[in-house]
Each structure stands twice: as structure tokens, then as C-alpha cells.
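Trainee: For reference, the sequence and a predicted model appear below.
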Amino acid sequence: MSLHQIQTVSKTCAVGFETARVFLRKLPDGALIQRKWVSYNYAQNTLYCSPCMTFASRAIQSTFLTGVVADPQNVYKTIERHEQSK
């Protein structure tokens with residue numbers, strides 16, 4: 001788990017997705033807030049939800065517990081859906 005706490009917003013970071021769109025959320029007024037809950041595993045190219053990993057019961061089936069592959073075509077919508085989930 002020590003590899004998960006990577007959050008970088010850099011144009012030079014070669015991860016295959018737009019780091020700003022993953023780690024920052026744009027509010028309707030244009031303000032940006034950090035998505036502190038997102039954790040990235042560089043070796044596996046997967047994203048995790050730190051609170052879910054800490055507090056969710058094992059019965060919950062969430063891809064953010066097992067790792068969401070950071071596929072640039074789907075990862076942004078997947079993150080938005082997870083933010084809106086309970």
C-alpha cells in the first residue's frame with residue numbers, strides 16, 4: 001500500500017492520463033479542489049479510493065477497492081461516478 005499515495009499534477013508526468021483531470025475537480029464557479037481521496041499506484045497504473053479502502057466492508061463491490069485501471073478513455077467518468085456514489 002505504500003505505493004498508493006502518489007498525486008501529481010504535472011505536464012511532464014508520463015502516466016497515460018491527464019493528471020489534473022484525475023487529481024483536481026473543477027467546480028461550477030471554475031475553482032479547482034484537490035481530490036484527496038484518489039490514490040495512484042504507478043507500478044500497476046491503477047487508481048484507488050483511500051477512504052473506501054480504509055472504511056468499506058469487504059461485501060462492497062467497488063472497483064476503487066481493487067483498483068481502477070487508469071484508462072484515459074474511461075477514467076474521468078469513472079471518477080465522477082464514484083464521487084457521486086454513496
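Mentor: Right, received. Where do you want to start?

Trainee: residue ranges with poor pLDDT in the protein?
Mentor: 1-14, 58-59, 86 (pLDDT under 70).

Trainee: if we go to 90?
Mentor: For the chain, applying pLDDT under 90 flags the ranges 1-23, 36, 39-75, 82-86.

Trainee: Which residue is most remote from the mean position of it?
Mentor: residue 29 (22.1 Å; Cα atoms, centre = their mean).

Trainee: For the strand or helix carrying residue 81, list every residue counted as buried.
Mentor: Remark: residue 81 resides in helix 75-84, with elements defined by DSSP states H and E. For helix 75-84, burial by neighbour count (16 or more other Cβ atoms under 10 Å) applies to 75, 78, 79, 82. Glycine gets a C-beta too; all of them are placed from N, C-alpha and C.

Trainee: Report all helices and strands that it contacts.
Mentor: With contacts defined as 3 or more Cβ pairs under 8 Å, 6 or more residues apart in numbering; DSSP states H and E, helix 75-84 has these neighbours: helix 19-23, strand 46-49, strand 68-69.

Trainee: Just put those in TSV and tack on mean neighbour count.
Mentor: Listed next are the helices and strands packed on helix 75-84 as TSV, based on neighbours: other Cβ atoms under 10 Å:
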stretch	mean neighbour count
helix 19-23	18
strand 46-49	22
strand 68-69	17
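
Trainee: Turn these into JSON lines, columns for distance to residue 57.
Mentor: Below are these laid out as JSON lines (distance: least, Cβ to Cβ, whole Å):
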{"stretch": "helix 19-23", "distance to residue 57": "26"}
{"stretch": "strand 46-49", "distance to residue 57": "14"}
{"stretch": "strand 68-69", "distance to residue 57": "19"}
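
Trainee: Go ahead and confirm residue 44 touches residue 67.
Mentor: Yes - counting by Cβ atoms under 8 Å, residue 67 is a contact partner of residue 44 at 6.3 Å.

Trainee: So between the two, which is more surrounded?
Mentor: residue 67 (17 against 13; other Cβ atoms under 10 Å).

Trainee: Ignoring the adjacent residues along the chain, who's closest to that one?
Mentor: Spatial nearest neighbour of residue 67, chain neighbours left out: residue 46 (3.4 Å); criterion: Cβ to Cβ, 6 or more residues apart in numbering.
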